[in-house]
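1. The sequence isn't on hand, but the structure is:
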């Protein structure tokens, strides 16, 4: 028997705000979280890109000093957002830890720890390398930190699927709750790689926008002048429960997680399949699990990274799925405001999708000056009322390696 899975808590630390409500408020206001980087290493390395979406609030302003010392920034962001989500869910301390699971993700992991340790080894020798280096850099460190903080003893799992990671984690949480592995799951993702090496590497791939003179307008999904994505950082977490469990404890419910699906392009290590066939199958799979029809979908939070080829590939996938119904769907591309949080981006956009349903408002896409005629979507550019009827919404994430993950949320 299929169980109804619901969202009872949200938390985020993003370029737009230190919490989920702050991030949502700034998003609706049309603000940009993208800024010039004020670090000596930008000039030192002569970086071709000098801006990014740094988190608005540093974890050191929220966490205990000892926690900051023992966690990579990626795990710090994860812990901040997970604790916010848990508190937002009512801090259900009476829940048996054996029935609480963690499905968390990252695209890269503890990069700052790894590269700082390498610098220490080269400059000062092996005796000066911190003994906590490995536990700080391992990709599962964020999931482990959350599991120990809550606590969670059902399981603690880590997804690493590039930019699809945290959407995949949410899809997996749905399956784990359906399978009865837990009654409550904290799901989400994190990333903190605003560092000279990833900036240089992404730039070498011609993947990043180079609008150094106008950072706040650099991420331009669907615009004819889009020239690449903007690197972002932060984390987002959601608390998921079976409806039966949530109602029994009197929890507030934001929305229903109606289904999720994961597919693979098997096409190219970085480029998406231009036909969008596997991405389309992921959307159809999420709809099938949600027992929904195409006409039920009225909103999509698109992956929409602002790359020339990626935006068109996603449009092709949407057209494959929805056909004549596509003009009826309000599409939001929120990376225009946040940048691309890589392994954390899907969870943040899932929260924006959840809040869009909860508040019946599709968030705006900023920086769209001249829409690409090859992508004739109904793009939301000012906050839009979604009406009072039951609404199904999709949140799409597609990553390097051909990873596709889609989750479907239903208004509750």
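-> Arrived safely, thanks for sending. Nothing here was measured: the structure is a model prediction, and the numbers come from that model.
2. List the buried residues for the helix or strand harbouring residue 346?
-> Secondary structure from DSSP states H and E places residue 346 in helix 345-358. Applying a neighbour-count criterion of 16 or more other CB atoms under 10 Å, one finds 345-358 buried in helix 345-358. For the C-beta atoms, the positions are set from N, CA and C on the backbone; glycine is no exception.
3. so which of these comes closest to residue 158?
-> Of all these, residue 347 has the smallest distance to residue 158: 13.3 Å, by CB to CB.
4. pretty sure the closest one is in contact with residue 173, am I right?
-> No - when contacts are counted by CB atoms under 8 Å, residue 347 is not listed as touching residue 173 (10.5 Å).
5. which residues do the two both contact?
-> Residues touching both residue 347 and residue 173 (CB atoms under 8 Å, 6 or more residues apart in numbering): residue 187.
6. if we take the buried residues of helix 345-358, which one ends up nearest to residue 87?
-> Of all the buried residues of helix 345-358, residue 87 sits closest to residue 351, with 14.9 Å by CB to CB.
7. and the closest one, what is it in contact with?
-> By CB under 8 Å, 6+ apart, the neighbours of residue 351 are 10, 12, 20, 23-24, 236, 238.
8. same thing but 10 Å
-> Going by CB atoms under 10 Å, 6 or more residues apart in numbering, residue 351 touches 7, 10-12, 14, 20, 23-24, 27, 81, 85, 188, 236-238, 254, 301, 334, 395.
9. Please report how far it lies from residue 394.
-> Distance of residue 351 to residue 394, given as CB to CB, to the nearest Å: 14 Å.
10. same question, residue 148
-> Here residue 148 is placed at a distance of 33 Å from residue 394 (CB to CB).
11. cool, and residue 368?
-> Residue 368 is 20 Å from residue 394, where distance means CB to CB.
12. of the two, who's got more company?
-> Using other CB atoms under 10 Å, the more surrounded residue of residue 368 and residue 394 is residue 394, with 28 against 19.
13. just checking, the more buried one is part of a strand?
-> Yes - using DSSP: H, G, I helix; E, B strand; the rest coil, the assignment for residue 394 is a strand.
14. Could you pull out the strands in the stretch 251-400 of the chain for me?
-> 255-264, 297-301, 330-332, 361-362, 378-379, 384-385, 392-399 (DSSP state E, counting those that start in this stretch).
15. what helices or strands is the fourth one leaning on?
-> Under the contact criterion of 3 or more CB pairs under 10 Å, 6 or more residues apart in numbering; DSSP states H and E, the helices and strands touching strand 361-362 comprise helix 20-28, strand 297-301, strand 330-332, helix 345-358, strand 384-385.
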